[in-house]
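**Q** Sharing a model prediction with you, sequence too.
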Amino acid sequence: MATTNLGKNVVQPIGHQSSVPASLNTQFVSTQELAEVEKSFSAQKKLSFTFGAYFFLITLLIPFLSITSEWWYATPIVGGLSLNFWTTLLLFHIVYWLMAFVFVKKANKLDEILNKK
């Protein structure tokens, strides 16, 4: 619910009739604009939380595999180093750069869709 600040610690809903001058009781955003902002916020929040969940799961996968899978941490593959080592050294960062690239592309596409209206 939108509110307006009427002075020292006094807040009331916008549009509420009172003895306050009209200049202090003006609604600056229309209901339609507020609905568009809410729609945009919800779509961006969904995208952000989805990629946040992917990030969290991928980050937890490395220690999980280190605890549970010997082939992950004890089997040398290249240069006598394990897949765990190569993942934390190089692959981990490549995956996150790719995730960031995809996120930016999707966020830009979402922004274009929302700005067309």
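**A** Yep, it's here.

**Q** Would you mind giving both backbone torsions of Thr75?
**A** Backbone torsions of Thr75, given as degrees, to the nearest 10, read phi -100, psi 110.

**Q** who touches it in this structure?
**A** Neighbouring residues of Thr75 by Cβ atoms under 8 Å, 6 or more residues apart in numbering: 82-83. C-beta here means a position set from N, CA and C on the backbone, and glycine is covered the same way.

**Q** Could you check how far it is from Ala53?
**A** Distance from Thr75 to Ala53, counting by Cβ to Cβ, to the nearest Å: 30 Å.

**Q** quick one: low-confidence parts of this structure?
**A** 1-27, 117 (pLDDT under 70).

**Q** Report the central residue of it.
**A** Of all residues in the chain, the one closest to the mean position by Cα atoms, centre = their mean is Ser48, 2.6 Å from it.

**Q** so where's the longest helix in the chain?
**A** Identified as the longest helix of the chain according to DSSP state H is helix 31-68.

**Q** Also compute the angle for the helix or strand harbouring Leu98 relative to helix 31-68, please.
**A** Using DSSP states H and E, Leu98 maps to helix 92-116. Counting by axes from the mean of the first three to the mean of the last three Cα atoms, to 10 degrees, helix 92-116 lies at 170 degrees to helix 31-68.

**Q** and helix 92-116, what other elements does it pack with?
**A** Judged by 3 or more Cβ pairs under 8 Å, 6 or more residues apart in numbering; DSSP states H and E, the packing partners of helix 92-116 are helix 31-68.

**Q** Which neighbouring elements make contact with whichever helix or strand comes after the helix it packs on?
**A** Sequence order places helix 70-73 as the next helix or strand after helix 31-68, per DSSP H and E. Packing partners of helix 70-73 (3+ Cβ pairs under 8 Å, 6+ apart): helix 31-68, helix 83-86.
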